[in-house]
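> take this sequence and fold it.
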Amino acid sequence: MLSAFRSALTTPDLRRKILFTLGIVVIYRLGANVPSPGVSSTNIQECLRLAEQGENQNLYSLLNLFSGGALLQLSVFALGIMPFITASIIVQLLGVVIPRFEQLRKEGQSGQAKLQQYTRYLTIAFAVLQATTVVALARSGALFQGCNERVIPDDSIFSLVVVVIVMTAGATLLMWMGELVTERGVGNGMSLLIFASIAARIPAEGGNILQTAGGVVFAVVCVFALAIIVAVCFVEQAQRRIPVQYAKRMVGRRMYGGTSTYLPLKVNQAGVIPVIFGSSLLYLPQLLSQLSGEDNWWRRFVDEYLVPQSSWVHISLFFLLIIFFTYFYVSITFNPDERADDMKKFGGFVPGIRPGRPTAEYLSFVLSRITLPGSLYLGIVAVLPNFFLSITGDGNNQNFPFGGTAVLIMVGVGLDTVKQIESQLMQRNYEGFLK
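Model (predicted):
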């Protein structure tokens, strides 16, 4: 392992890419702690201190997790890359609904560039919407419940517009920085920025557990966290390899084909998207109940069963939503008919299965078989923080760093980055990280 790190740092091209990626991450973390103009950082720190002592549920904990704590500080990079994630998911889903988007997706590099341009425009629109919402909630006091300090002392229209513009510009700059890392650095830029945001919160959250629950519980949580990471690494790399044989064919005077390969179907084909969808959908009842401001049966039901993370109603709904969105997202992103047609076009077939429609039915059958354990795995990992939080006695803290969305993203991004570095080392005849 150490020799692989030394080889990576002694290779000039790879060292330049790694240092460039680290420089972008440092700039991102610096901007996440710089408050927006017109925002009182002293009052925000006081409100955060009161929020930690109280038991109020924060609706924006998922966004705050992805921004590395920058959202509640109303910093320049307060929105993080959530506008880009939302825009990317919507553009990907529209590829199934709108024929024009599906045609662009099949046009290769030029079509992907056009879709990427649409994603950028949609990112700016979502950034403006989210920035306006956050500023409005901060001005009305709904962002920090129970805190009487004025987060934005000057609540004039000009001051609020400046804060919205700065946050939107920060989200746009982050999108550009992520694309720079993907193009000139190592790994996927957007994923690495999420990784940095989540990793930045682990020391503080671990310190809170150590303070509130004691050293014994903290040690037990660390052991369970290590076991979860090992299990996630194992499942994230698990795949069903369907053998594919390509027939020989003559193109001019040359013979092509005749090779054997495989079609990899990952057990976790949907990634972390179902967890994000399920979390976002569970936040809607909480948001609506707080915005209504009325003490009715709906608000009492939400406060009793949906707000507490240790509630069995919350855990069961979250688990079922993850299973539903896993099947939904896999059915959208993987089309067995299209994959079977591509194989038939290039002379490929699964041994024992006729090309065309029978191959599509076989792929659909195999995909449905492996999606069930994948969805159960996602659901179990996602609800594990609820049990840990009930053990540590901090059932209202949603930013638990050792489970759910956080560990799935960190392990996935870490594995992808290590694989990319290893592939570049193998191109230069160096020994990689994975033996």
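
> secondary structure class for residue 37?
Secondary structure state of residue 37, per DSSP: H, G, I helix; E, B strand; the rest coil, is coil.

> the chain should start at 826 in everything you say after this.
From this message on, residue numbering opens at 826, which makes the last subject residue 862.

> how about it, phi and psi?
phi -60, psi 140 (degrees, to the nearest 10).

> do the same with residue 1063
Here is the backbone geometry of residue 1063 (degrees, to the nearest 10): phi -70, psi 140.

> now do the closest residue to it other than its chain neighbours against residue 1152, distance only.
Among residues not flanking residue 1063 along the chain, residue 1092 sits closest, at 4.4 Å (C-beta to C-beta, 6 or more residues apart in numbering). Where C-beta positions appear, they are placed from N, C-alpha and C, glycine not excepted. In this view, residue 1092 and residue 1152 are 14 Å apart by C-beta to C-beta, to the nearest Å.

> before we move on, what about residue 1108?
22 Å.

> pLDDT value on residue 987, please?
On pLDDT, residue 987 comes in at 89.

> now swap in residue 828 and tell me
Reading off the model, residue 828 has pLDDT 64.

> also the one 3 residues further on?
We note a pLDDT of 73 for residue 831 in this prediction.

> what's the helix or strand for it?
Here residue 831 sits within helix 827-835, counting by DSSP states H and E.

> list the contacts of whatever helix or strand comes next after that helix.
Next helix or strand after helix 827-835 toward the C-terminus (DSSP H and E): helix 837-856. Around helix 837-856, the neighbours that count as contacts under C-beta atoms under 8 Å, 6 or more residues apart in numbering are 833-834, 893, 895, 900-902, 995, 998-999, 1002, 1005-1006, 1009-1012, 1014, 1017-1018, 1021, 1025, 1246, 1249-1250, 1253.

> in helices, which of the residues you listed fall?
Counting by DSSP state H, the contacts of helix 837-856 place 833-834, 995, 998-999, 1002, 1005-1006, 1009, 1014, 1017-1018, 1021, 1025, 1246, 1249-1250 in helices.

> any of those buried? List them.
With neighbours counted by 16 or more other C-beta atoms under 10 Å, the ones in helices among the contacts of helix 837-856 contain buried members at 833, 995, 999, 1002, 1006, 1014, 1017-1018, 1021, 1025, 1246, 1249-1250.

> can you pick out the most distant pair from those?
995 and 1250 (34.8 Å; C-beta to C-beta).

> so where is this protein shaky, pLDDT-wise?
For the chain, residues meeting the criterion pLDDT under 70 lie at 826-830, 875-895, 966-967, 970-971, 1073-1083, 1112-1121, 1123-1124, 1130-1135, 1211-1229, 1253-1260.
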